[in-house]
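In: give me a model of this one.
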Amino acid sequence: MTGMPGYFRFLGWVAAVTALIIAVGYVPTRHLGGPGAVPALIAGCLVGALGSALGGLVIALRRGGTPADRLNSVLMAMLARLAAVFVLGAAAVLSGRFERTALLLWIAISYAALLVVDTMYALREGTNGRRE
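Out: Next up, the predicted model:
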């Protein structure tokens, strides 16, 4: 469990970037999609954030080992993140509670923006802090 402080720092970055995305996207979403699109903005960003949190957890729990093990954990984290976003996004779309276009757009935007945070975390923690 030595990777947990790094994971909590990562979660802080995920929360900060998600809040920034919501803040930046609020006015254009409300203007272009109407007030009904704002819940879709928030739900789409939360789907991306939950996917990132799950992917980061895989790296935090599987750190260490050989270089092949570290690469394997990063690849597993990518797969876990993609699967979580797909499943949560499909559930949100199929629920019918959100404006579909705005929801899918903000899932994609948050996924792309949080990919930067995820990649930095994977590079830092996936190599145990060493630059090779």
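In: element containing the residue minimising distance to the centre of the chain?
Out: Closest residue to the average C-alpha location of the chain: residue 52 at 2.8 Å, with C-alpha atoms, centre = their mean. Taking DSSP states H and E as the criterion, the element that holds residue 52 is helix 38-61.
In: just the mean pLDDT for that helix, thanks.
Out: Throughout helix 38-61, pLDDT has a mean value of 95.
In: also stretch 74-89?
Out: Across stretch 74-89, pLDDT averages out at 95.
In: residues contacting it, please?
Out: For stretch 74-89, the surrounding residues in contact (C-beta atoms under 8 Å, 6 or more residues apart in numbering) are 44, 47-48, 50-52, 54-59, 62, 103-104, 107, 111, 118, 122, 126. (Each C-beta comes from the backbone N, C-alpha and C, glycine too.)
In: what about 6 Å?
Out: Under the contact criterion C-beta atoms under 6 Å, 6 or more residues apart in numbering, stretch 74-89 has outside partners 47, 51, 54, 55, 58, 59, 107, 111, 122, 126.
In: next one: it to chain centre, how far?
Out: On the basis of C-alpha atoms, centre = their mean, to the nearest Å, stretch 74-89 sits 9 Å off its chain's mean C-alpha point.
In: also stretch 70-83?
Out: With C-alpha atoms, centre = their mean as the basis, stretch 70-83 stands 12 Å off its chain's centre.
In: for stretch 17-33, same thing?
Out: Taking C-alpha atoms, centre = their mean, one finds stretch 17-33 lying 17 Å from the centre of the chain it belongs to.
In: in it, what counts as buried?
Out: Taking 16 or more other C-beta atoms under 10 Å as the neighbour-count basis, stretch 17-33 is seen to contain the buried residues 17, 18, 21, 22, 25, 29, 33.
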